[in-house]
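>>> Sequence and predicted structure are below.
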Amino acid sequence: KLTKGESVLLQLADTAEPSPTLAATYLALGRIKSKKSIPVLAKAIGKDFEKGRENSIISLKEIGDASANQHLIDYLKNKNKEIQFAAADAMSALYDLKTAESVAKLLESSDKSLFAPSSYILGRYKHEPSRKKLEALAIDKSNPDREILAESLGWLQNKESIPVLIDILKEKSGEGRYGAAWSLGMLNAEEAVD
């Protein structure tokens, strides 16, 4: 946690090829809580270097500065699902009301691939104004990643979602049932036991 090394680490992050050295550099920037590294770490999430992406998420969470969200939000629209969910993972730990409102607007998009990563963030933020929309998306069988949509309702922790989750659980097939079962457990929904 030697903050004196920040400039060296930033230079390494800028010049090192994808390698264990670069991955360790990203991790070290988080350990020293380098706010100057936020743009670099956010950019790493969009690259093909998987270990670098993983360590950047850890570091952004460790730095804990919600200003990182402005660098990450566009990744929710990325066509690579891993990048979408990496950004969602980092953003979900960096609560910010402005981010919550921006992410909630993505639930109105015609691009259904935005729903799951957005719902993950909103669920983790416990963004109650999104609950009704999240319920509607979770119940709609045409939406992809319904497991995550249903899980977001568990993260919200509002027992008013229990009837919707039970309806999803009663479906004959589909991944939404797994998220519904998990959420019902999170909500201690004894009425769902039968």
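Cool, the structure landed.
>>> for this structure, longest helix please?
Taking DSSP state H as the criterion, the chain has its longest helix at helix 50-63.
>>> Packing partners of that one?
helix 20-31, helix 38-45, helix 81-92 (3 or more CB pairs under 8 Å, 6 or more residues apart in numbering; DSSP states H and E). (Glycine included, C-beta is placed from N, CA and C.)
>>> From the chain's centre, how far out is the last one? Work that out for me.
In other words, helix 81-92. 4 Å (CA atoms, centre = their mean, to the nearest Å).
>>> Start at 152, not 1
Will do, 152 is the new start, and the previous item becomes helix 232-243.
>>> quick one on the thing from earlier: now tabulate the helices and strands packed on helix 201-214 in TSV and tack on mean neighbour count and mean pLDDT.
Listed next are the helices and strands packed on helix 201-214 as TSV, based on neighbours: other CB atoms under 10 Å; pLDDT from 0 to 100:
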stretch	mean neighbour count	mean pLDDT
helix 171-182	20	98
helix 189-196	21	98
helix 232-243	22	98
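>>> Please render those as a markdown table that adds distance to Ser270 to the earlier fields.
Output for these, formatted as a markdown table (distance: least, CB to CB, whole Å):
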| stretch | distance to Ser270 |
| --- | --- |
| helix 171-182 | 26 |
| helix 189-196 | 19 |
| helix 232-243 | 9 |
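>>> Compare those and give me the one nearest Lys212.
Nearest of those to Lys212, taken as CB to CB: helix 232-243 at 6.4 Å.
>>> Run the angle between that closest one and helix 201-214 for me.
Relative orientation of helix 232-243 versus helix 201-214 (axes from the mean of the first three to the mean of the last three CA atoms, to 10 degrees): 10 degrees.
>>> List of residues touching helix 232-243?
Residues outside helix 232-243 that contact it (CB atoms under 8 Å, 6 or more residues apart in numbering): 193, 196-197, 201, 204-205, 207-208, 211-212, 219-220, 223-224, 226-229, 250, 254, 264, 267-269, 271-272, 275-276.
>>> how about the helices in the protein?
For the chain, applying DSSP H gives helices covering 157-166, 171-182, 189-196, 201-214, 220-223, 232-243, 248-257, 266-276, 282-290, 297-307, 313-320, 327-337.
>>> so what's the most centrally placed residue in the chain closest to, chain neighbours aside?
Centroid check for the chain by CA atoms, centre = their mean gives Ala239 as the closest residue, at 2.3 Å. Closest residue to Ala239 in three dimensions, ignoring its sequence neighbours and counting by CB to CB, 6 or more residues apart in numbering: Pro268, at 3.8 Å.
>>> Is it correct that that neighbour is in contact with Asp225?
No: judged on CB atoms under 8 Å, Pro268 makes no contact with Asp225 at a distance of 11.9 Å.
>>> quick one, which of those two is more surrounded?
In terms of neighbours (other CB atoms under 10 Å), Pro268 is the more surrounded of Pro268 and Asp225; the figures are 27 against 11.
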